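Novice: turn this into a structure:
(chains A and B)
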Amino acid sequence: MNATPNPNAGPTAALREAIAAAIAELHPGVPAAGLERPPRPEFGDYSTNVAMLAAPLIGEPPRDVAARLIPALEQRLGDSLDRIEVAGPGFLNLHMSEGWFRAAAELIADRGRRFGSDVAERRSRVLVEFVSANPTGPLTVASGRHLAYGDSLARILEFAGHEVSREYYLNDAGSQIELFGASIAARMTGDEVPEGGYEGDYVADLGRQVAAEHGEDLDRAELGRIGVELMLAGIRATLERSRVEFDSWASERSLHDAGATEKAIADLRGRGLVYDHEGAVWLRTSEFGDDKDRVLIRADGAPTYFAADIAYHRDKLERGFDLLIDVLGADHHGYVDRMRAAIVAFGAPAETFEVSIMQMVNLVEAGERARMSKRRGDFARLDDLLDDIGVDATRFFMLMRSHETPIDIDLGLARTHSSDNPVYYAQYAHARVCSLFRTAGERGRETGDEPAPEGSLEQAERALIGRLLEMPDQIRRAATRREPHGISTYVREIAADFHAFYRDCRVVGAGPGLEQARLTVSAATRDSIATLLGLLGVEAPEEM
RNA sequence: GCCCCGGUAGCUCAGCUGGAUAGAGCGCCGGCCUUCUAAGCCGGAUGUCGCAGGUUCGAGUCCUGCCCGGGGCGCCA
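Specialist: So this is what the prediction gives:
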């Protein structure tokens, strides 16, 4: 990758480079191939398919190419290698030495919470916009999924080495705010809630609260403003208990006040992309891949939501970000093409704008769709879910599946305080290691300079270290694919491997050298789990 | 009609951008605590990877067509 290797990328990076160098030496021009973890233990610790990729380019059988690579690899890897062999259709299977594993564990433990960090190929300035729920109601369970995803993605991108900002876009202007005020007014006086208004019982609660604090004679605009203020305070509180901290809050009203919408439209008009038709003002989004052109200013003179959002995204671009990620619900996917068209219209590359489309979340209780609220016009509130199953389970369950898949959260399972519950399973592994260190006392790793006896590396120990070494790749993958759920899968795999290690490998009192070596593996495990749970926004308790 | 997402074990889902005999959890059955946390571990089985073609040494993964489910296609936000 570059001249100064990142120590947090671990020894697998060096392995990959050795393979690339070996193939480059024998057959220049062949692209470097992958380093994989084979599916079965007898296939070794790592395998590569270089020979199979190179064979058609060279015009030789894959197994022959593989065989000729062996000396080059043996020379480069030396003691790291026990043996290397050609297998199957032309794989090269690498069996690493005990010393290599011991050294790898040392390295991971030495890097601690930094292991796997800064692995991004190039550093970018990223803005992640998520939640952005209208301040006309409390956050819902769906918002909970958005928040878990957006925040975790931001944490992962940051850890991978990017500069990340988290932003909440507040729709605090426009017709829905007026409607909100009118709805509160209606609930205060007992009138019918206006057409398309806010029917939830929380609006009535809000009305009572406002009346108590500000009196009864307020006009709708004031009611709307006060209502938004109160709702926003609630949203902020819910975000805080969900462990989400935004770096910035963008306000639609502020954009309007600054004339940003007019400026954005003028900018686009200057680029010859705006035209008038049937009394409305249109943007030629169809020139940039959208199905049809879109209205910016309605015939009645009012700007559309789209126009305001264009101004907002123009503002994001002007703030100098390389990458804008919007986290949106599945019902907004039709919006993506036109927004990207606007981004391109401003002269930014299409890849600057990315959207993560979130599928829905259902709560399931005993196999049936759970209703978390029986109140009129109300919906599943995130606060109720947090009260029920806690923050850790909420965030973890939201991140167990791909964001592109609808999820059912099994409330019974999420409430369970046993290993059946995946979040406790992972947390317990962390607590167990911590307990191990409490038992081991203050005998630090630095006191042991005696090496572990040759032949002491158990299968379970080897498997655990191999698993921990996946960290840099797992981080890179989760970051580049914008998939936090890979992290939740990975942390459970580490937990499972640790539990097996714990069963098979006595640590405290294992004997001179060996106890030290196993404490090193344990420390590496503890720090890796803490890192990964941290990326999910889940606590890593020292005791359970 | 067009666009997006999904279809993998009884259920909920992973599957590392094309690799070796497709995995995990839940649920079901059975076993394991006088030593570092049993919130743990071990064993037991079930698959037309929605269907049909295609690409190639090799396809759950890529391409085409179709079927089913969900969502979206506004001068709403």
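Novice: tell me the contacts of the closest residue in space to A:Pro61 that isn't next to it in sequence?
Specialist: Nearest residue to A:Pro61 in three dimensions, chain neighbours excluded: A:Ala55, at 6.4 Å (Cβ to Cβ, 6 or more residues apart in numbering). To be clear about C-beta, it is placed using only N, CA and C from the backbone, and glycine gets the same treatment. By Cβ atoms under 8 Å, 6 or more residues apart in numbering, the contact list for A:Ala55 reads A:Pro61, A:Pro62, A:Asp64, A:Val65, A:Gly90.
Novice: count the residues that sit near the third one.
Specialist: Counted by other Cβ atoms under 10 Å, the residues lying close to A:Asp64 total 14.
Novice: which SSE is it in?
Specialist: Secondary structure from DSSP states H and E places A:Asp64 in helix A:62-77.
Novice: residues contacting that helix, please?
Specialist: Helix A:62-77 has contacts (Cβ under 8 Å, 6+ apart) with A:15, A:18-19, A:21-23, A:25-27, A:50-52, A:54-55, A:58, A:81, A:84-86, A:89-92, A:94.
Novice: try it again at 7 Å.
Specialist: By Cβ atoms under 7 Å, 6 or more residues apart in numbering, the list of residues contacting helix A:62-77 from outside reads A:18-19, A:21-23, A:25-26, A:50-52, A:54-55, A:58, A:81, A:84, A:86, A:89-90, A:92.
Novice: select from those every entry located in strands.
Specialist: A:Leu81, A:Ile84, A:Val86, A:Leu92 (DSSP state E).
Novice: which one of those residues has the most neighbours?
Specialist: Neighbour counts for the ones in strands among the contacts of helix A:62-77, by other Cβ under 10 Å, peak at A:Leu92, which reaches 27 neighbours.
Novice: quick one: contacts for the nearest residue to A:Glu192 once chain neighbours are set aside?
Specialist: Distances taken as Cβ to Cβ, 6+ apart place A:Ala186 nearest to A:Glu192, at 6.3 Å, with adjacent residues excluded. Contact partners of A:Ala186, counting by Cβ under 7 Å, 6+ apart, are A:Glu192, A:Val193, A:Pro194, A:Gly197.
Novice: gap between A:Ala186 and A:Gly207?
Specialist: Taking Cβ to Cβ, to the nearest Å as the measure, A:Ala186 falls 9 Å from A:Gly207.
Novice: next: A:Tyr312.
Specialist: Taking Cβ to Cβ, one finds A:Tyr312 at 31 Å from A:Gly207.
Novice: from the ones in strands among the contacts of helix A:62-77, which is closest to RNA strand B?
Specialist: Closest approach between those and RNA strand B, by Cβ to the nearest atom of the strand: A:Leu92, at 7.9 Å.
Novice: right, and that closest one touches A:Asp45 too?
Specialist: No: under the criterion of Cβ atoms under 7 Å, A:Leu92 makes no contact with A:Asp45, lying 12.0 Å away.
Novice: tell me the confidence at the residue nearest to A:Pro61?
Specialist: The score at A:Ala55 is 86. That number is its pLDDT.
Novice: before we move on, back to that, including distance to RNA strand B, could the contacts of A:Ala186 go into CSV?
Specialist: Shown next, in CSV, are the contacts of A:Ala186 (distance: Cβ to the nearest atom of the strand, whole Å):
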residue, distance to RNA strand B
A:Glu192, 20
A:Val193, 16
A:Pro194, 13
A:Gly197, 12
